[in-house]
Structures are given as structure tokens and as C-alpha cells.
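# Let me see the structure of the following:
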Amino acid sequence: MFERFTKDARAVVLGAVDHAERSCAAMVDEEHLLLALLDREASRAAFALDALGLAERRGSVERALAEARRCGGLSRADAEALSGLGIDLTEIVSRVEEAHGVGALETG
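Numbering: from 1, shown residues only. This is a model prediction of the structure:
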């Protein structure tokens, strides 16, 4: 089925696999696909992402993804929702990392 993909689509999938391998992820996720799309500067998807301002904010996107991995995949929105229930995600992550080391909640 992979042979039915366009050249650009194959390149994005291979790029996503590369990003997943570099981050020691067990599987290719949305974040890996997003980073691979951002890598493809001349593609239609890159044009669309650039129109949304993502290309110029790649550094902040990568930092947000790294922070979400550090928190076991939970995003800032997830942390805010948990905070509304009285759960401090930052405190939980800090305690887990004290006991098990930095990055203990990261998958991969």
C-alpha cells in the first residue's frame, strides 16, 4: 500500500519514522508526523502549516511536544483541566522524577 502514496506522502511517513526513532518512541505518533510535515518546506502541507504560522514557531512547537512527553503525553490543556479538579500535574511529575529520575514518564 505504501507504493500508492505520493512521493511527498512517502517522504513525510519516512520522516515521521525517523523522528520517532530519534525520540526512542515505540510507535509513530501525530507529533512525529507534524515534525515531518514541517521538514517538507516545499510541500502543500508545509505551505498550509506556514500559513498558520507553525513554520516560524517550530522551536516552540518542539518544546511543547517535549514538555508533553515529559508529562506522560499530557498537554498544557490537560494540565489545566486537571488543575480545575485540584490535581497539580507539575507537582506529580516532579515527585515521579524525584523518585525515578528525570523523564521517567516519557514513553519509548
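# Show me what the strand or helix carrying residue 34 packs onto, helices and strands only.
Assigned by DSSP states H and E, residue 34 belongs to helix 30-39. Applying 3 or more CB pairs under 8 Å, 6 or more residues apart in numbering; DSSP states H and E, one finds that helix 30-39 contacts helix 7-22, helix 44-51, helix 58-70. For glycine as for every other residue, the C-beta is placed from the backbone atoms N, C-alpha and C.
# Adding mean pLDDT and mean neighbour count, write those out as a markdown table.
Converted to a markdown table, the helices and strands packed on helix 30-39 look like this (pLDDT from 0 to 100; neighbours: other CB atoms under 10 Å):
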| stretch | mean pLDDT | mean neighbour count |
| --- | --- | --- |
| helix 7-22 | 91 | 16 |
| helix 44-51 | 83 | 14 |
| helix 58-70 | 85 | 14 |
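# got a markdown table for these, with distance to residue 37 too?
A markdown table is the format used below for the helices and strands packed on helix 30-39 (distance: least, CB to CB, whole Å):
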| stretch | distance to residue 37 |
| --- | --- |
| helix 7-22 | 6 |
| helix 44-51 | 5 |
| helix 58-70 | 11 |
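# wait, which of these is closest to residue 100?
helix 58-70 (12.6 Å; CB to CB).
# Skip the chain neighbours and tell me the closest residue to residue 27.
Excluding the flanking residues, the one nearest residue 27 by CB to CB, 6 or more residues apart in numbering is residue 20, at 6.8 Å.
# and if you look at residue 68?
In space, residue 68 is closest to residue 75, 5.2 Å off (CB to CB, 6+ apart).
# what about the one you found, distance to residue 51?
23 Å (CB to CB, to the nearest Å).
# Please apply the same query to residue 101.
Residue 101 is 41 Å from residue 51, by CB to CB.
# Report all helices and strands that the helix or strand that residue 91 is a member of contacts.
Taking DSSP H and E as the criterion, residue 91 maps to helix 89-100. With contacts defined as 3+ CB pairs under 8 Å, 6+ apart, the packing partners of helix 89-100 are helix 76-84.
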